[in-house]
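Engineer: Pasting the sequence and the predicted coordinates here, then a few questions.
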Amino acid sequence: MKRLTVFCGSSNGSNKIFKEEAYKLGQKLAENKIELVYGGANVGLMGVIADSVLENRGVAIGVLPNFLKKVEVEYKGLSELILVDSMHERKAKMNQLSDGVITLPGGFGTLEEFFEMLTWAQLGLHKKPIAIYNIDGFFDDLLLFIKSMVTKGFLKQENYDMLIVSDNLDILFEKLKNYKAPTVGKWINESQI
């Protein structure tokens, strides 16, 4: 893997562990010579991970919509900043640039980015690994909800199996490295429920 996209919050969250683990992820990316692709902002966990990558002599590539540059959340001093016209273009560009995704804690924007990449994988638009770094059990309830989509017939088990989940950074990286995309058909018929 040459580049990984990281989706994460524009806030730090209420527990210092989120910030600490985002920093550790940045260190691990830099140590492994994996370039960071992220949202290009200087705030919250986004700013923390970019700081960490750059402080550890790594490469940090930001993808930022023009309207966010205007409200001064742009991280100045990135290895590269790519400006786009919309949030959709941002996600498409991040996907184009990277070899996989790691999702950290965040809010609506983080979840929206995560689910769009997951949907694109479900539809066969890419076969890249999509990981959740489940810091402090942040995603436990979401994972239970996604599992309920399987039990209630709205997703196939193979859809859930596309996810890489760990609360341990070393295990997460090992799973990313060894990822083989499952064969996933999107549509469910009555006989599969």
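Structural biologist: Cool, got the structure.
Engineer: And the helix or strand of the chain with the lowest mean pLDDT, what does it pack against?
Structural biologist: Least confident helix or strand, the chain: helix 66-70 with a mean of 87, by mean pLDDT, DSSP states H and E. Helix 66-70 makes packing contacts with strand 80-84 when contacts are defined by 3 or more Cβ pairs under 8 Å, 6 or more residues apart in numbering; DSSP states H and E. Heads up, the C-betas are built off the backbone N, CA and C, glycines and all.
Engineer: following the strand it packs on, which helix or strand shows up next?
Structural biologist: helix 87-97 (DSSP states H and E).
Engineer: Check what contacts that next one and list those residues.
Structural biologist: Helix 87-97 has contacts (Cβ atoms under 8 Å, 6 or more residues apart in numbering) with 3, 5, 37-39, 61, 63-65, 82, 84, 113, 116-117, 120, 126, 128.
Engineer: now, which of those residues lie within strands?
Structural biologist: 3, 5, 37-38, 61, 63-65, 82, 84 (DSSP state E).
Engineer: could you show me where the helices are in this structure, in order?
Structural biologist: Assigned by DSSP state H, the chain shows helices spanning 16-31, 44-55, 66-70, 87-97, 108-122, 140-151, 157-161, 169-177.
Engineer: Tabulate the ones you listed (TSV), appending distance to Y133.
Structural biologist: Below are the helices of the chain laid out as TSV (distance: least, Cβ to Cβ, whole Å):
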stretch	distance to Y133
helix 16-31	7
helix 44-55	11
helix 66-70	24
helix 87-97	17
helix 108-122	11
helix 140-151	13
helix 157-161	17
helix 169-177	6
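Engineer: mean pLDDT for these: which is lowest?
Structural biologist: Across these, helix 66-70 has the smallest mean pLDDT, namely a mean of 87.
Engineer: list the buried ones in that one?
Structural biologist: Neighbour-count burial for helix 66-70 flags L68 (criterion: 16 or more other Cβ atoms under 10 Å).
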